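J.: Give me a model of this one.
(chains A and B)
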Amino acid sequence: MADTTTRAKLRWGLIDVIVVVFALVPVLWIASLSFKTPATLTDGKFWPREWTLDNYKSIFDTDQFVRALVNSIGIALIATLIAVVLGAMAAYAISRLDFPGKRLLVGVSLLIAMFPQVSLVSPLFEIERQLGLFDTWPGLILPYITFALPLAIYTLSAFFKQIPWDLEKAAKMDGATQAQAFRRVIAPLAAPGLFTTAILVFIFCWNDFLFAITLTSTERARTVPVALSFFTGESQFEDPTGAICAAAVVITIPIILFVLFFQRRIVSGLTSGAVKG
Amino acid sequence: MSRRAPLSENKKAERKLGWLLCAPAALVMVLVTAYPIIYSVWLSLQRFDLRFPDERKFIGLDNYVTVLSNEFWWTAFGVTMLITVVTVAVELALGMGLALVMHRTLVGRGIVRTAALIPYGIVTVVAAFSWRYAWTPGTGYLANLFDGSAPLTERASSLAIIMLAEIWKTTPFMALLLMAGLALVPEDLLKAASTDGATAWQRFTKVMLPVMKPAILVALLFRTLDAFRVFDNIFVLTNGGNETSSVSMLAYNNLIRGLNLGIGSTMSVLIFITVAIIAFVFVKLFGTAAPGSDDGERR
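T.: Presented below is the predicted three-dimensional model:
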């Protein structure tokens, strides 16, 4: 009996290794390229033979990348904040209150989650040009909020349904004021859900390429994924590969940190919305 | 209590609060999607080229005739369909496998789940560059498999690489949705089937699949519609060269490179209609099991 469990464990271990390798190889490869010197960049080896940090130095010396990084961080943070606040309000109403139009709202969110974003590219381009939103932060924040909201509403209402709201009443009976009951009892219970949702929404905004490439035209609002695709060497004879890879690694770092530290929460956030939705 | 009874003050206040809380989210979602798509229908009925703004004119359905009789459109449409069907089918199989591993593995569950989340979270453009350099002759570790030829300069191999990149990136998402369904399968039922002598395959098809059906359908629907929007990977990997453009690439090219709002909007509307048809067919085929129909249980 003990023998079979050891064998089963070995088998699962082997499968685990295969999964991990498949998931990590492309990431390790781009990291490896970013550390290669120009001379060894095209040697076709998976690991760098000579290591250098020059690629990183070069991108942080250019305005092109630094501006894009500031844009990416600012736009994603603001969009996340607004989407989570609006989403939390709606999710609270959906999970706690009874009012006509609730199912309609859930239906609309579902439709938007399935909406082909590319269909908005042409009209939004023209509308934003007329409103002066083209190539600005709000011009990107607005569509990001829109497409993040269904995700936020679904995940948050799944979380909110698990909160034992009766505790609030109990706290009030024990003499706590409404504000105290909220701050001491409900807020700590809701915080993990809000935080998880914020991570998921941030990843979504951080990832976007389609809106960023169609609704921006200069460094004013261009985000890193778009800047990457426009990277050229400092002169036309310079190969931008090393710089692109270094920039790619920089914008992958927050994702890796989220995944490493909040794996459990991200998984529960993504799956809870799915089962109940 | 009869339904006609006047609402109590409490009930009224609850309604009002509900509406107030939902209004901002609903307003943003509708303003940024419904209005542009209607505006896009209006633009699609005009000759509207930003390079020649003076020639703007209402031309009825002429743009639709132009697009639908254009071979580039149909090539792109075929490419998009091919990518959608192949990637979703492969992802369903791989995703099911990955879901089983993440759910049942005896060792290193946390490590597997963490690793699987990396493709999900990584910026698509970053992953696309990784694949591009991997297949670039001289630079890449994979390019040597092709004896130094350049797979990204030929149509069939380019499409295969685009699909590979898509599958790598989105299989974990599929797997997570499927895992949610897997968690609903009662453990006792599996044990009972096992004692009754069911093989692993029988347990999978007879016990697990029926319970997981709603989760599978949700995953399929979401991934199908998502796959149909394929853009980032193609943009970085081939830039649409060698007839590898998807409909999204084509709409983008007409808008940003061609500055033709009329044609671009026509494509937007056509893509919207196609996606609506796909969603409709899904809901019709699978009836009550489709998402949206079980909203009632969400309260």
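J.: ranges for the strands of the stretch 1-150 of chain B?
T.: Here the stretch 1-150 of chain B has its strands, by DSSP state E, counting those that start in this stretch, at B:46-47, B:57-58.
J.: among the ones you listed, which is the most enclosed?
T.: Highest mean neighbour count of those: strand B:46-47, a mean of 18 (counted as mean count of other C-beta atoms under 10 Å in any protein chain shown). C-beta here means a position set from N, CA and C on the backbone, and glycine is covered the same way.
J.: now that strand, how far from the centre of its chain.
T.: Put simply, strand B:46-47 sits 30 Å off its chain's centre (C-alpha atoms, centre = their mean, to the nearest Å).
J.: Just give the number of residues close to whichever residue of the stretch 1-150 of chain B sits closest to chain A.
T.: Closest residue of the stretch 1-150 of chain B to chain A, C-beta to the nearest C-beta: B:Gly18 (3.2 Å). B:Gly18 is flanked by 22 other residues according to other C-beta atoms under 10 Å in any protein chain shown.
J.: likewise the one 5 residues further on?
T.: Applying other C-beta under 10 Å, we find 15 other residues in the vicinity of B:Ala23.
J.: what pLDDT does it get?
T.: Per-residue confidence (pLDDT) for B:Ala23: 94.
J.: B:Met29 now?
T.: The model's pLDDT for B:Met29 equals 93.
J.: now it: how far from A:Leu124?
T.: Using C-beta to C-beta, to the nearest Å, one gets 14 Å for the distance from B:Met29 to A:Leu124.
J.: Between the two, tell me which one has more neighbours.
T.: A:Leu124 (27 against 24).
J.: Got phi/psi on that one?
T.: The phi and psi values for A:Leu124, taken as degrees, to the nearest 10, are phi -60, psi -40.
J.: Can you check my assumption that B:Ile271 lies in a helix?
T.: Yes - with DSSP: H, G, I helix; E, B strand; the rest coil as the criterion, B:Ile271 is located in a helix.
J.: Go ahead and list the helix or strand containing the spatially most central residue of chain B.
T.: With distances taken as C-alpha atoms, centre = their mean, B:Asp226 lies nearest the centre of chain B, 0.9 Å away. Using DSSP states H and E, B:Asp226 maps to helix B:209-228.
J.: Would you point out which residue of chain A is nearest chain B?
T.: A:Phe99 (3.2 Å).
J.: With adjacent residues omitted, what lies nearest to that residue?
T.: Closest residue in space to A:Phe99, ignoring its immediate chain neighbours: B:Gly18 at 3.2 Å, by C-beta to C-beta, 6 or more residues apart in numbering or on different chains.
J.: I'd assumed A:Tyr92 was in contact with the one you found.
T.: No - the pair B:Gly18 / A:Tyr92 is not scored as a contact, 9.2 Å apart, by C-beta atoms under 8 Å.
J.: for chain B, longest helix please?
T.: For chain B, the helix with the greatest residue count under DSSP state H is helix B:9-44.
J.: just how off-centre is that helix within its chain?
T.: That offset, for helix B:9-44, works out to 24 Å (C-alpha atoms, centre = their mean).
J.: List the buried residues in that helix.
T.: B:14-15, B:17-19, B:21-22, B:24-26, B:28-29, B:32-33, B:36-37, B:39-40, B:43-44 (16 or more other C-beta atoms under 10 Å in any protein chain shown).
J.: other SSEs contacting the helix or strand of chain B with the lowest mean pLDDT?
T.: Sorting the helices and strands of chain B by mean pLDDT, DSSP states H and E puts strand B:57-58 at the bottom, at a mean of 84. Contacts defined by 3 or more C-beta pairs under 8 Å, 6 or more residues apart in numbering or on different chains; DSSP states H and E place strand B:57-58 against strand B:46-47.
J.: Starting from the strand it packs on, tell me which strands it pairs with and how they run.
T.: strand B:57-58 (antiparallel) (DSSP bridges).
J.: follow-up on the earlier one: against which helices or strands is the longest helix of chain B packed?
T.: helix A:63-96, helix A:102-114, helix A:118-131, helix A:137-161, helix B:261-286.
J.: quick one: which of the ones you listed is nearest B:Val85?
T.: Closest of those to B:Val85 is helix B:261-286, at 11.1 Å (criterion: C-beta to C-beta).
J.: which residue sits closest to the residue nearest to the spatial centre of chain A, ignoring its sequence neighbours?
T.: Centroid-nearest residue in chain A: A:Ile203, 0.3 Å away (criterion: C-alpha atoms, centre = their mean). Closest residue to A:Ile203 apart from its sequence neighbours, by C-beta to C-beta, 6+ apart: B:Gly121 at 5.2 Å.
J.: give the contact list for that neighbour.
T.: A:Ile203, A:Ile255, A:Ile256, A:Phe258, A:Val259, A:Ile266 (C-beta atoms under 8 Å, 6 or more residues apart in numbering or on different chains).
J.: Check those residues and tell me the two furthest apart.
T.: The two members of the contacts of B:Gly121 with the most space between them (C-beta to C-beta) are A:Ile256 and A:Ile266, at 12.3 Å.
J.: Correct me if wrong: the residue of chain A closest to chain B contacts B:Lys11.
T.: No - judged on C-beta under 8 Å, A:Phe99 makes no contact with B:Lys11 at a distance of 9.2 Å.
J.: hmm, back to that, so where does the residue nearest to the centre of chain A fall, helix or strand?
T.: helix A:187-207.
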